[in-house]
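Asks: Mind looking at a prediction? Sequence and model below.
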Amino acid sequence: MQNIKKYLVICGLIWIGIPAKAQILTLDSIWKTIQNNNPQLQIHDAEIQSSNAAVRGAKTWMAPQLSTGFFMTPYNTQMWKANPMNPAMGAYMVGVTQMIPNSSRLKADANYLMAVASVEKENKKHTANQLYALAKTNYYQGLVLGKKIKIAKDNLLLLEYWIQSMEIRYQYTLGSLPTYYKAKSQVGALESVIIGLENSLSQKKILLHTLMATDIRTNFTIDTNYVFKDFNFLPADTVTLAQNRSDIQAIKKMKVINHLKTEIEKSKLLPEFGLKYDHMFAFGDGPQQFSLMGMITIPMPWSTKINKATIASIQIKNQSLEWQKQQILNETRGLLLGLKKEVTSLKKQYDIAQNKTIPALKKNYDTAMISWQNNTGALFAVLDAWESLNSAQTDSLDTLQAILSTQVEIEKQLETNNL
């Protein structure tokens, strides 16, 4: 029984010592986590809920005014009491005043508050689009860094094999000493490159953790799958381009809000009514009395200047927003045309590298390697062929990174993602 316990303890320690396999995260899973956890999006949700909550009180009337005090009461307190010669004078009054707001103003206030939430929804879409683009950029950069690390580690193993082979051959004076030390220096250079690449990959993962608002200490592996997308569908006119862009929609809705603001100011130019009721408790034997009066506010030229000035200011702001919308659309259209040409050129370069340059350099390397293994070629030629192949592969990965980054930028400008 004691042996069994020792066995279980040892197995447990071994299991604890085995590192857990890092979870593979896809871009979709990262984006869903950002949607649920990112504080910036939560801020927008709170603002939307705040605006919706304010709508419920939009049609509230002003609080009634209560008044109380003496009414037509003489200073001589002796006159407050009735006597056979004179009736009592004065009364104690209780009153209430209620202003009745204009229904047009209440409706304008409610419409304005409902529209505020719609602008905040577009602002949330804009923020989400920016976050998604940032996540995709770092995700693809991490993807390419992972490929570079793999190539570098494979090359490191290859160099170590060459060095071991040269050390064996050098004993029989079949090796070249300068080539041997060159290979040794390449090992150090590759080790340094791997350290730098792994550090960069860690930074990308930290940024993704930050966007997802998850524990930075949790390790994960980036999915190596990616897709080249076709952007021949790019809109040719600004009307189509504006349909999906949240910033343009926010500008349009901001113009609607400004229009509703003018409706509020116009409603202030209309009269408002009120009622005032007073009840008097007469002193002595006097009868109880009441007063019921109606009130009306009459907007006059000297009292409406600020409202008319505000209306004129809002109209000018809407003109500014229209020009701002046109500027964004024109700049975006030009940017998209440039990005489309760039991604087309990059894809062609990438295809040439994958289908022509790298296969040819791979054959050159294989030929040099076979010659060296058969003692008919020098290791220097192998190293030279390896360096050319490694450089071409690295350049090809840089081109891949540029393609993916350009795709992200195009999608960010189009806002074609399902946000």
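Replies: Nice, thanks for sending it over.
Asks: give me every residue that touches the residue nearest the centre of the chain.
Replies: With distances taken as C-alpha atoms, centre = their mean, residue 127 lies nearest the centre of the chain, 2.9 Å away. By C-beta atoms under 8 Å, 6 or more residues apart in numbering, residue 127 lies in contact with 40, 41, 44. For every residue, glycine as well, the C-beta is placed using N, CA and C.
Asks: okay but the second one is in contact with residue 128, surely?
Replies: Spelled out, that is residue 41. Yes. Taking contacts as C-beta atoms under 8 Å, residue 41 lies within contact range of residue 128: 6.1 Å.
Asks: list residues touching both of these two?
Replies: residue 35.
Asks: Counting neighbours, go ahead and name the busier of those two.
Replies: Between residue 41 and residue 128, counted using other C-beta atoms under 10 Å, the more crowded position is residue 128 (21 against 18).
Asks: my guess is the residue nearest to the centre of the chain is in a helix, correct?
Replies: Yes. The assignment for residue 127 by DSSP: H, G, I helix; E, B strand; the rest coil puts it in a helix.
Asks: Poorly predicted segments of the stretch 1-150 of the chain, please.
Replies: 1-22 (pLDDT under 70).
Asks: Between the two ends of stretch 346-361, how far is it?
Replies: Counting by C-alpha to C-alpha, to the nearest Å, you get 20 Å between the two ends of stretch 346-361.
Asks: List the buried residues for whatever helix or strand residue 410 lives in?
Replies: Per DSSP states H and E: residue 410 is located in helix 379-414. Neighbour-count burial for helix 379-414, with 16 or more other C-beta atoms under 10 Å as criterion, is recorded at 379, 381-383, 385-386, 389-390, 392-393, 396-397, 399-414.
Asks: can you check stretch 123-141 too?
Replies: Judged by neighbour count (16+ other C-beta under 10 Å), stretch 123-141 contains these buried residues: 123-129, 131-141.
Asks: same deal with stretch 86-98?
Replies: Per 16+ other C-beta under 10 Å, stretch 86-98 contains these buried residues: 88, 89, 90, 91, 93, 95, 97.
Asks: Strands along this structure, start to end?
Replies: Assigned by DSSP state E, the strands in the chain fall at 23-25, 65-71, 91-100, 220-222, 272-282, 289-297.
Asks: could you dump these to CSV with distance to residue 314?
Replies: Output for these, formatted as CSV (distance: least, C-beta to C-beta, whole Å):
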stretch, distance to residue 314
strand 23-25, 48
strand 65-71, 32
strand 91-100, 26
strand 220-222, 49
strand 272-282, 22
strand 289-297, 23
